[in-house]
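Asker: Would you be able to build a 3D model of this:
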Amino acid sequence: MKRQTGVLLVSIFLISSIHATEANKPDMTSDAGLVTFLQRSDLVMSRTLDRCRDVSVDRSGEKAFHMRATCAIKGNPEEDLDCPDYRIEATGTIDTVKRATIRRLTMTLVCTG
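Answerer: Next up, the predicted model:
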């Protein structure tokens, strides 16, 4: 009986963790949700870019998007502060209401000097 209770508790914990994770994912139906998801989940964006500004999202139907933004470089070393941002253009697909994928990403370094 004790073992069955332990298995039941582990199962409940795993199921609730999965539901909590799914609930925390942004909704792709809003532009803000799409941008938040991409910044958190895309490997290049999450490792390279910090805060983004001047963000615009254009949608083509329900399944495609084009995003433009200027984003600060994450962990930019002091000697590179004259080039603080990347101007990005990303196109991709909205796979489900909880998932999107960047299919093409262009990053152009923005320098002040």
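
Asker: What ranges does the protein have for its strands?
Answerer: 49-60, 64-73, 85-96, 99-110 (DSSP state E).

Asker: and residue 105, bridged to which residues?
Answerer: residue 90 (DSSP bridges).

Asker: so what's it up against?
Answerer: Residue 105 makes contacts with 42, 44, 45, 88, 89, 90, as judged by CB atoms under 8 Å, 6 or more residues apart in numbering. In short, each C-beta sits where N, CA and C put it, glycine included.

Asker: now do 10 Å
Answerer: Going by CB atoms under 10 Å, 6 or more residues apart in numbering, residue 105 touches 38, 42, 44, 45, 48, 67, 86, 88, 89, 90, 91, 92.

Asker: ok, back up a step: adding distance to residue 28, write the strands of the chain out as CSV.
Answerer: CSV is the format used below for the strands of the chain (distance: least, CB to CB, whole Å):
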stretch, distance to residue 28
strand 49-60, 10
strand 64-73, 9
strand 85-96, 5
strand 99-110, 5
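
Asker: Which of those strands has the highest mean neighbour count?
Answerer: strand 64-73 (a mean of 18; mean count of other CB atoms under 10 Å).

Asker: and the direction of that strand versus that of strand 49-60, what angle?
Answerer: 160 degrees (axes from the mean of the first three to the mean of the last three CA atoms, to 10 degrees).

Asker: so what strands line up beside strand 64-73?
Answerer: Strand pairing for strand 64-73, using DSSP bridges, gives strand 49-60 (antiparallel), strand 85-96 (antiparallel).

Asker: what's the pLDDT at the closest residue in space to residue 108 that isn't next to it in sequence?
Answerer: Excluding the flanking residues, the one nearest residue 108 by CB to CB, 6 or more residues apart in numbering is residue 87, at 4.7 Å. At residue 87, the predicted lDDT confidence score is 97.

Asker: So residue 87 sits against residue 109, correct?
Answerer: Yes - with contact taken as CB atoms under 10 Å, residue 87 and residue 109 are classed as touching, separated by 8.1 Å.

Asker: same question for stretch 106-113, mean pLDDT?
Answerer: Stretch 106-113 comes out at a mean pLDDT of 92.
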